[in-house]
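**Q** Build me a structure from this.
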Amino acid sequence: MAASMQKFIFSGFAQNSRKCLVRLASTPASTSTKTINKVLIANRGEIACRIMRTARKMGIKTVAVYSDADRHSLHVSMADEAYHIGPAASQQSYLNQRKIIEVAKQSGAQAIHPGYGFLSENTEFADTCNKEGIIFVGPPSQAIRDMGVKSTSKVIMKTAGVPVIEGYHGDDQTQERLAQEAAKIGYPVMIKAVRGGGGKGMRIAMDENEFLGQLESAKNEAMKSFNDDVMLIEKFVDTPRHVEVQIFGDQHGNYVHLFERDCSVQRRHQKIIEESPAPGLSEEVRQSLGEAAVQAAKAVNYVGAGTVEFIMDKDQKFYFMEMNTRLQVEHPVTEMVTGTDLVEWQLRVAGNDPLPLMQSEIKLVGHAFEARIYAEDPENNFIPGAGPLLHLSTPEPDENTRIETGVRQGDEVSVHYDPMIAKLVIWSNTRSSALRRTRMALKDYNVVGLNTNIQFLNDLSSHPQFEAGQVHTGFIDQHYNELFPKRTLSSQVICQAALALLLQEKDNSLYASLKHNDMYSLFGVSSGRRFNDQLVRKLALKNGDQDVNIKVIYGEGNMLVLEFNNVTYKVSGYLESENSKDVLHCDIDGTLSKANIVTQGEFIHIFTMDGSYAIELPVPKSLTSTGSGGGSLGDAIAPMPGVIDKVNVKEGDQVKQADPLLVMIAMKMEYVIRAPKDGVVEQILYNVGDTVGKGTLLVHFKEDS
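**A** Here you go, the predicted structure:
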């Protein structure tokens with residue numbers, strides 16, 4: 001077998017080997033019913049794992065595909081079979097239609113499920129599957145085509161009576177014409193790729209001075225994501241809500257909606273927390289939304305799972321925005337409030353079964369939230385990150401708590417793909433109780449090794465306006481100061497950190513004594529005790545620019561006296577090992593508390609009910625590196641791991657502060673690296689196509705004379 005088509009077969013799921021006809025037990029199979037007993041998932045990560053769980057439940061065998069970067073990933077180990085399809089770059093692997101079709105044929109899969117992203121809305125791929133006799137688990141290619149081009153979809157929706165926002169959807173794509181249309185519509189305007197989705201190829205121009213720059217950025221990103229840079233211009237609705245409706249159609253002419261989701265709170269035009277149902281909607285508006293979404297599906301003879309997205313103004317008037325012709329990332333919240341499995345529905349409908357439920361049978365029960373946990377730095381404009389998950393512990397899943405993930409502790413979040421770590425999905429009978437449970441679960445989601453947005457999600461879900469359901473797409477910008485407070489270490493956290501470090505030190509010393517078979521050695525236990533004397537020692541902690549110097553006095557028994565900031569605390573406690581982390585049980589002046597503790601390198605990570613903290617143990621200057629890995633003050637540094645996509649300057653160029661130096665692609669998003677100061681470019685250290693790490697020196701400027 002060729003290396004490029006390397007295959008792994010796993011014996012752990014032999015129970016799935018029986019054939020399974022995909023149809024409802026209560027529905028007789030028609031002559032046109034198609035048998036699906038093996039499905040190839042043309043995707044990776046959490047969505048591949050999600051589809052595999054349902055397929056296994058239905059008795060359907062699963063085939064995974066993987067790139068070089070994903071050889072040891074979770075979705076590969078979960079599948080019954082897995083095939084290597086190319087290098088890490090998605091264009092050469094997960095977007096390689098020919099290889100994926102070859103794997104489907106070689107493995108004997110009757111169907112391909114594209115998940116979301118990658119090939120899920122690719123009309124050419126859907127057509128190819130059909131020509132090759134492979135079931136494409138998705139809508140007909142014509143529906144993808146009609147809805148995939150935003151300008152076309154707007155015309156179809158307007159004809160079908162679905163409300164739309166007016167704008168320019170014309171063929172003349174010259175900068176001059178687009179700028180004229182933007183001026184005619186009136187600023188601010190939204191610039192959107194006609195084949196866009198997921199926030200890619202989308203920019204807002206607040207005035208004419210911004211327009212051309214935002215247009216170029218949107219076109220560049222659209223070309224890289226969709227191989228098409230045709231744009232449409234629309235009026236930007238002030239403080240809009242993003243409300244979408246889950247729809248389903250079958251091959252027998254049946255259509256239903258499964259109510260709406262609110263996805264308004266976003267960063268970089270991408271969703272970060274979703275909920276169902278949307279807060280504050282009247283039953284009349286909810287019914288109208290559902291009817292409009294079904295109307296949209298009927299207009300294109302839709303089959304399978306789809307999402308009709310609407311923009312809603314302050315008066316709850318809604319307008320068609322786009323239709324995503326695939327399963328959405330946020331589909332679990334709909335499943336939680338309707339008691340359905342939408343992946344199972346997809347597979348059944350693909351097998352030509354009728355919809356499992358009709359509209360009158362679908363009930364909305366309770367409230368659900370989905371919090372997307374990303375490897376990113378919220379305090380640095382949500383820049384995506386990459387790296388190893390050195391520690392990962394999560395809340396316990398149950399019938400009301402779902403964790404949709406494609407990674408485990410020790411896995412790497414790759415620079416080549418989306419930086420999502422997991423989706424935390426919570427259900428309860430009311431919105432307020434679901435929100436409380438979401439916050440509690442976030443506190444139990446502990447990650448060490450890279451920056452995440454978990455603390456930000458906690459702060460966001462605790463904001464009074466979010467609690468009140470007053471959400472819109474500009475929520476983060478409007479409440480920025482409250483969502484990004486300056487964090488300082490409380491006295492409780494300082495005491496917890498100090499106690500945890502001293503207890504770990506004691507345990508390590510005791511282990512060393514036992515290892516050397518000298519448990520009675522006075523020098524083997526670092527309690528610091530000496531006869532006829534009271535030991536006093538110093539301990540230094542650092543949190544950002546906050547330095548804390550602690551005086552530690554060893555008292556009777558396990559009691560410690562900690563003195564810092566001119567206040568004294570009596571502290572005692574113990575550590576309990578639990579799932580690769582230590583749980584600290586702490587008594588501070590009679591007040592009991594608990595915290596999860598993870599120590600990695602020179603940091604101690606503390607996860608408490610009040611938040612999480614990475615506290616540094618200062619290293620003496622004599623021990624710090626003096627190598628030349630970094631740049632001098634004012635050089636251009638990579639703010640995140642990524643790939644150099646474009647270099648705009650050459651050595652010797654005179655540049656002004658904020659001039660674009662180069663463009664990086666990170667996690668499928670485009671980032672412009674700008675000059676940090678006026679100066680002359682002395683050296684460009686990387687070329688187009690090079691992969692660089694966070695903090696890498698990119699462009700060096702001549703030193704000022």
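**Q** got the contact list for stretch 120-127?
**A** Residues from elsewhere that reach stretch 120-127 (CB atoms under 8 Å, 6 or more residues apart in numbering): 43, 97, 100, 114, 119, 136, 138-142, 144-145, 148, 197, 324-327. All C-beta spots, glycine's among them, are computed from the backbone N, C-alpha and C.
**Q** what about 6 Å?
**A** Gln97, Pro114, Leu119, Phe136, Ser141, Ile144, Arg145, Gly148, Thr325, Arg326 (CB atoms under 6 Å, 6 or more residues apart in numbering).
**Q** among those residues, which ones are buried?
**A** In these, burial by neighbour count holds for Pro114, Leu119, Phe136, Ser141, Ile144, Arg145, Gly148, Thr325, Arg326, counting by 16 or more other CB atoms under 10 Å.
**Q** quick one: buried residues of stretch 597-615?
**A** Of the residues in stretch 597-615, those buried (16+ other CB under 10 Å) are Ile597, Val598, Thr599, Ile604, His605, Ile606, Phe607, Thr608, Ser612, Tyr613, Ile615.
**Q** follow-up on the earlier one: farthest-apart pair in the contacts of stretch 120-127, please.
**A** For those, the maximum inter-member distance is 17.1 Å, found between Gln97 and Thr325 (CB to CB).
**Q** Closest one to Pro419 out of the buried residues of stretch 597-615, please.
**A** The closest of the buried residues of stretch 597-615 to Pro419 turns out to be Ser612 (CB to CB; 18.3 Å).
**Q** Now the closest one. Nearest residue, chain neighbours left out?
**A** Using CB to CB, 6 or more residues apart in numbering and skipping residues adjacent in sequence, the residue nearest Ser612 is Gln455, 5.7 Å away.
**Q** Tell me which helix or strand comes right after the helix or strand harbouring that neighbour.
**A** If you go by DSSP states H and E, Gln455 is part of helix 454-462. With elements assigned by DSSP H and E, the helix or strand that comes after helix 454-462 is helix 464-467.
**Q** by contact count, what packs against that following helix?
**A** The contact analysis (3 or more CB pairs under 6 Å, 6 or more residues apart in numbering; DSSP states H and E) places helix 464-467 against no helix or strand.
**Q** What residues sit buried inside that helix?
**A** Neighbour counts over helix 464-467 (16+ other CB under 10 Å) mark Phe466 as buried.
**Q** Who are the contact partners of Val162?
**A** Contacts for Val162 (CB under 6 Å, 6+ apart) come out as Ala292, Gln295, Ala296, Phe320.
**Q** Would you mark the buried spots in the helix or strand containing the third one?
**A** In this case it means Ala296. Using DSSP H and E, Ala296 sits in helix 283-299. With burial defined by 16+ other CB under 10 Å, the residues of helix 283-299 counted as buried are Val285, Arg286, Ser288, Leu289, Gly290, Ala292, Ala293, Val294, Gln295, Ala296, Ala297, Ala299.
**Q** what's the answer for stretch 202-214, then?
**A** Under the neighbour-count criterion of 16+ other CB under 10 Å, stretch 202-214 has Met202, Arg203, Ile204, Ala205, Glu210, Phe211, Gln214 buried.
**Q** now stretch 317-334
**A** 318-334.
**Q** Stretch 125-139 now?
**A** Phe125, Ala126, Asp127, Thr128, Cys129, Ile134, Ile135, Phe136, Val137, Gly138, Pro139.
**Q** Return the closest of the contacts of Val162 with respect to Tyr255.
**A** Gln295 (9.0 Å).
**Q** Now do the same contact list for that closest one.
**A** With CB under 6 Å, 6+ apart, Gln295 has these contacts: Ala160, Val162.
**Q** ok, the residue nearest to Gly555 when sequence neighbours are not counted - how many residues close by?
**A** Spatial nearest neighbour of Gly555, chain neighbours left out: Val561 (5.5 Å); criterion: CB to CB, 6+ apart. Using other CB atoms under 10 Å, Val561 is surrounded by 15 other residues.
**Q** So Val561 belongs to a strand, correct?
**A** Yes - according to DSSP: H, G, I helix; E, B strand; the rest coil, Val561 belongs to a strand.
**Q** From Ser572, how far out is Asp250?
**A** 65 Å (CB to CB, to the nearest Å).
**Q** hang on, Lys61 packs against Asp80?
**A** Yes - contact status for Lys61 versus Asp80: in contact at 4.6 Å, counting by CB atoms under 6 Å.
**Q** Where does Lys34 sit: helix, strand or coil?
**A** At Lys34 the chain is in coil, as set by three-state DSSP.
**Q** Could I get the pLDDT score of it?
**A** Reading off the confidence values, Lys34 has pLDDT 81.
**Q** packing partners for the helix or strand containing Val699?
**A** Take DSSP H and E as the rule and Val699 turns out to sit in strand 697-701. Judged by 3+ CB pairs under 6 Å, 6+ apart, strand 697-701 is in contact with strand 679-684.
**Q** The residue nearest to Gly555 and Val552 touch, don't they?
**A** No - applying CB under 6 Å, one finds Val561 not in contact with Val552, separated by 7.5 Å.
**Q** can I assume Ala278 sits in a strand?
**A** No - Ala278 sits outside any strand when classified using three-state DSSP, being coil.
**Q** who touches it in this structure?
**A** Val243, Glu260, Asp262.
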